[in-house]
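Undergrad: please find the sequence and the predicted model below.
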2 protein chains.
Amino acid sequence: MSKGQASQKAIAEHLGLAVGTVSRAMNGYPDIAKSTRDRVMAAARELGYRPNNAARRLSTGVSEVAAYIMPEQTSSLSEPFIAELLKGLGETLRKRGWDLMVTHTTSAQDELEQIDRLWNTGAVGAIVISRPLKKDPRIPLMQKLGCPFVVHGRSASEAPFAWYDVDGQDAFMSSVNHLVGLGHRRIAFVGSPLQYEFAQSRLDGYKQGLKINGLSYDPELVQIADISDAGGERATHQLLTLEAPPTAILAVTDTVALGVLTAIRAAGLRPGPDISVIGYDGLQFGVHTNPPLTSMEQPRAHAGRRIAEMVFNLIDGADPKDVTELQRAHLVSRATDAPAKHPNKPEINSVREKQNDTD
Amino acid sequence: MSKGQASQKAIAEHLGLAVGTVSRAMNGYPDIAKSTRDRVMAAARELGYRPNNAARRLSTGVSEVAAYIMPEQTSSLSEPFIAELLKGLGETLRKRGWDLMVTHTTSAQDELEQIDRLWNTGAVGAIVISRPLKKDPRIPLMQKLGCPFVVHGRSASEAPFAWYDVDGQDAFMSSVNHLVGLGHRRIAFVGSPLQYEFAQSRLDGYKQGLKINGLSYDPELVQIADISDAGGERATHQLLTLEAPPTAILAVTDTVALGVLTAIRAAGLRPGPDISVIGYDGLQFGVHTNPPLTSMEQPRAHAGRRIAEMVFNLIDGADPKDVTELQRAHLVSRATDAPAKHPNKPEINSVREKQNDTD
DNA sequence: CTGAAAGCGCTTACAG
DNA sequence: CTGAAAGCGCTTACAG
């Protein structure tokens, strides 16, 4: 099954050297004469030499491939940034000769199996996971295996690990601030299942934002939905049937926000003028929604690159606890954030007043 | 660098067998006693055996990994179906123990290099490419290398190859038919650069649709744009400044259609009632545009699965010329296709009349 | 039906 | 500075 490719052996014979010498020359061992290194490199180029990956891996024991574990229920709508993340990961990995593998799993159990397999089979030399749970079994597993990994998101863990995240708590606090600044006092939150760390932290940010602004927390105004447009639509429908409906809605992701917009329009109201909506992710398609969606934008292009660099940091021996990065999201105001229409109180300008019990 | 995993050697010692026997037992050689096969399998399970990928690959010469070459300029907007395609590919590949690798390339030249590397390095055992050019150098390269590959799209080629495609020509012909049925006679086409096979065939379908309906081809009504919302916007702006602007616009992809909608609204017109728009792809976000986008939907979830199956067909020795599949797209009517507002002719009902020169 | 041995293409102590 | 040799963990003719 030879591919007719030039091997080290071919180079060695061509040059009258031993294959070991050729190998060391190619790998930059310092004890090789510059002249022979040059000859080896020239011959390699001339003969179109390609190192056999499998052989290399078998003797060194390390695979220059990183796996990205796809989050479940990926669809064009629920994961529009996957392509961008993969691009950043793949291109940055490639700069040091690594390749990128992607794996889809069918269940949480299967996911653990895949991780175990990818590592113990020698298929990959590092793993990247996204969207961790608050308590995520994948993390202790990879720690036990000794597999270098970086988590896209944070999570509770005994031992420290490498992660890259955007501060969702801060982002939602800012969103609340922004809405309060626009005169809103009944602000709802459409979240996703709280086993996800990102869902919890965004909810925490929402609550914290209320508190800072002296607004009381009303559980009626919090809905937990599927991470989808349909989920956002159902949740918003609930909110709009409330006796005192919200004047503004925060959506846990832009995908969910799409459904929020749909439900608002279906109720005969205008997102923006009638009910403010702020999403999260800052996805490009928010420009094209009806009306264009205001959102908290995260630096997505950056994420893939940085995560790949973090993988290399770990490979180069960095302590995982030193390999972390927290980015911030920034408000992109489009057309769905607007002044509150029906302020509950006359003193519309004193929005920073302390909490009062008439609310 | 051992991972402390059970090897065949460990199983062999555990059972008092030779490793060759263990190997044959695991690979289902018929000349192994059923009893010893059972013992081997049991021991493998018990010891948590994982075959070492690299060793396997080194001795058999085949890699059970398929590479998907990402199309260039992938972004969340221009490639929203990438995630779906990868999912179908990945899951179906996995059923036979294969993994999926993705690679991003920076130029056409780099792309050829990557293909050469992936194959000659032994990293992958098959390759999948998308969106071929009319004359695509990657195809003869892979043929020369002897690498099994399937193309997502068609292309001109001396030798036959395996491909999966959706009939874009037929789809655009249907779109024209649909619009003509709605009374439109000035129908524009916003396409993309014609070196892409898909761009050419969709344009061909558009022209063919005109012809079938006795409409003359007006080069003014054809714009070539970047495959992006901005491209569609610019092209539409051009069309709207025409002396006799179109009453309907066909967009080569939904992404381009987003820009078409934007430009129409910017001109103070309503997509749908004032100017019909039909996209292509049937992406989910079309539900959320302003207004919801009518589009030709292609069976995307199916594509990844089928392409993976085709890879296995090739691996199993099928002749590439027998490994082809052509799917059809279907109209999903949302809110941007509507009857023509300003028919050029009084006889609005006789839309199938033969071409006439007053047009 | 099973064992012993060679080989896949690299890497890396160990000599000299 | 370079060569010779062992080894990574499998697979597969070849004997018996």
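TA: It's in. Residues are numbered from 1 along each chain as shown, chains lettered A, B, ... in the order given.

Undergrad: residues contacting A:P271?
TA: Taking Cβ atoms under 8 Å, 6 or more residues apart in numbering or on different chains, we find A:P271 in contact with A:V260, A:L261, A:I264, A:R265, A:V277, A:N290, A:P291, A:A335, A:T336. Glycine gets a C-beta too; all of them are placed from N, C-alpha and C.

Undergrad: same question for A:A263.
TA: A:A263 sits next to A:G232, A:E233, A:R234, A:A235, A:T236, A:H237, A:L240 when contact means Cβ under 8 Å, 6+ apart.

Undergrad: need the contact list for the fifth one.
TA: The neighbourhood of A:T236, defined by Cβ under 8 Å, 6+ apart, consists of A:V190, A:Q223, A:I249, A:G259, A:V260, A:T262, A:A263, A:I264.

Undergrad: got these as JSON lines, with distance to B:L15 columns?
TA: Below are the contacts of A:T236 laid out as JSON lines (distance: Cβ to Cβ, whole Å):
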{"residue": "A:V190", "distance to B:L15": "58"}
{"residue": "A:Q223", "distance to B:L15": "58"}
{"residue": "A:I249", "distance to B:L15": "64"}
{"residue": "A:G259", "distance to B:L15": "58"}
{"residue": "A:V260", "distance to B:L15": "61"}
{"residue": "A:T262", "distance to B:L15": "62"}
{"residue": "A:A263", "distance to B:L15": "63"}
{"residue": "A:I264", "distance to B:L15": "67"}
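
Undergrad: and which of those is nearest B:V151?
TA: In terms of Cβ to Cβ, no member of the contacts of A:T236 lies closer to B:V151 than A:G259, at 36.6 Å.

Undergrad: quick one: name the residues of chain A near DNA strand C.
TA: Counting by Cβ under 7 Å from any atom of the strand, the residues of chain A close to DNA strand C are A:2, A:5, A:7-9, A:19-20, A:23-24, A:26-27, A:49-52, A:55-56, A:58-60.

Undergrad: domain map for chain A?
TA: Annotated domains of chain A cover A:8-51, A:65-166+A:300-326, A:168-298 [automatic domain parsing].

Undergrad: let's have those domains in JSON lines, adding mean pLDDT and distance to DNA strand D.
TA: Listed next are the domains of chain A as JSON lines, based on pLDDT from 0 to 100; distance: least, Cβ to the nearest atom of the strand, whole Å:
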{"stretch": "domain A:8-51", "mean pLDDT": "90", "distance to DNA strand D": "3"}
{"stretch": "domain A:65-166+A:300-326", "mean pLDDT": "92", "distance to DNA strand D": "8"}
{"stretch": "domain A:168-298", "mean pLDDT": "96", "distance to DNA strand D": "36"}
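
Undergrad: tell me which of these is the most buried.
TA: Of all those, domain A:168-298 has the most neighbours on average by mean count of other Cβ atoms under 10 Å in any protein chain shown, namely a mean of 22.

Undergrad: end to end, how far does that one reach?
TA: From its first residue to its last, domain A:168-298 covers 9 Å (Cα to Cα, to the nearest Å).

Undergrad: same check on stretch A:149-165?
TA: End-to-end distance for stretch A:149-165, by Cα to Cα: 14 Å.

Undergrad: does that stretch come close to chain B?
TA: No - Stretch A:149-165 does not reach chain B (Cβ under 8 Å from any Cβ of the partner chain); its nearest approach is 14.6 Å.

Undergrad: list of residues touching that stretch?
TA: So stretch A:149-165 is contacted by A:85, A:126-136, A:139-140, A:142-143, A:148, A:197-198, A:201, A:303, A:306-307, A:310-311, A:313-314, A:318-321, A:323-327 (Cβ under 8 Å, 6+ apart).

Undergrad: strands of the stretch 151-300 of chain A, start to end?
TA: Counting by DSSP state E, counting those that start in this stretch, one finds strands in the stretch 151-300 of chain A at the ranges A:162-166, A:187-191, A:222-224, A:248-251, A:276-281, A:294-297.

Undergrad: dump the longest one to CSV, restricted to CA.
TA: Right, strand A:276-281. Presented in CSV, the C-alpha positions along strand A:276-281 are these (Å, rounded to 0.1, in the frame of the first residue of the first chain):
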residue,chain,number,x,y,z
SER,A,276,-36.8,46.0,23.7
VAL,A,277,-34.8,42.9,23.0
ILE,A,278,-31.1,42.3,23.5
GLY,A,279,-29.5,39.1,22.3
TYR,A,280,-26.0,37.7,22.9
ASP,A,281,-23.3,36.6,20.4
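
Undergrad: packing partners of it?
TA: On a contact count with 3 or more Cβ pairs under 8 Å, 6 or more residues apart in numbering or on different chains; DSSP states H and E, strand A:276-281 meets helix A:168-181, strand A:248-251, helix A:254-266, strand A:294-297.

Undergrad: just want the angle from that strand to helix A:254-266.
TA: With axes from the mean of the first three to the mean of the last three Cα atoms, to 10 degrees defining the directions, strand A:276-281 sits at 160 degrees from helix A:254-266.

Undergrad: picking that back up, to B:G122, which of the domains of chain A lies closest?
TA: Evaluated over the domains of chain A, closeness to B:G122 peaks at domain A:8-51, with 8.3 Å, by Cβ to Cβ.

Undergrad: distance from that closest one to the middle of the chain?
TA: Averaging C-alpha positions (Cα atoms, centre = their mean, to the nearest Å) puts domain A:8-51 42 Å from its chain's average.

Undergrad: what about that domain and chain B, touching?
TA: Yes - Domain A:8-51 comes into contact with chain B (Cβ under 8 Å from any Cβ), by way of A:G48, A:R50, A:P51.

Undergrad: out of the residues you listed, flag the one nearest to B:R270.
TA: Of the residues of domain A:8-51 next to chain B, the one sitting nearest to B:R270 (Cβ to Cβ) turns out to be A:R50, at 58.1 Å.

Undergrad: what residues does that closest one make contact with?
TA: Going by Cβ under 8 Å, 6+ apart, A:R50 touches A:Q5, A:A6, B:D116, B:R117, B:N120, B:T121.

Undergrad: what strand or helix carries the third one?
TA: Secondary structure assigned from DSSP states H and E places B:D116 in helix B:108-120.

Undergrad: run through the bridge partners of the residue nearest to the spatial centre of chain A.
TA: Per Cα atoms, centre = their mean, the C-alpha nearest to the average position across chain A is that of A:H152, at 4.7 Å. When assigned by DSSP bridges, A:H152 has beta-bridge partners A:S130, A:Y164.

Undergrad: measure the residue of chain A most remote from its centre to A:V40 for me?
TA: Computed with Cα atoms, centre = their mean, the residue of chain A farthest from its C-alpha average is A:G16, at 51.8 Å. Using Cβ to Cβ, to the nearest Å, A:G16 is found at 11 Å from A:V40.

Undergrad: now the residue of the stretch 151-300 of chain A found nearest chain B: how far from B:H237?
TA: Distance from chain B to each residue of the stretch 151-300 of chain A (Cβ to the nearest Cβ) is smallest for A:N290, at 3.3 Å. From A:N290 over to B:H237 the distance is 21 Å, taken as Cβ to Cβ.

Undergrad: and A:N177, by the same measure?
TA: Where B:H237 is concerned, A:N177 sits at a distance of 38 Å (Cβ to Cβ).

Undergrad: next up, phi/psi of A:D99, please.
TA: Dihedral pair for A:D99: phi -110, psi 170, per degrees, to the nearest 10.

Undergrad: let me see the contact set for the closest residue in space to it that isn't next to it in sequence.
TA: Distances taken as Cβ to Cβ, 6 or more residues apart in numbering or on different chains place A:V65 nearest to A:D99, at 4.7 Å, with adjacent residues excluded. Contacts for A:V65 (Cβ under 8 Å, 6+ apart) come out as A:W98, A:D99, A:L100, A:M101, A:A123, A:V124, A:G125, B:M101.

Undergrad: quick check: A:V65 vs DNA strand C, distance?
TA: Per Cβ to the nearest atom of the strand, to the nearest Å, A:V65 is found 15 Å from DNA strand C.

Undergrad: same question, A:G88
TA: Relative to DNA strand C, A:G88 is positioned 28 Å away (Cβ to the nearest atom of the strand).

Undergrad: what of A:S35?
TA: Distance, A:S35 to DNA strand C, using Cβ to the nearest atom of the strand: 15 Å.

Undergrad: perfect, I'm done here.
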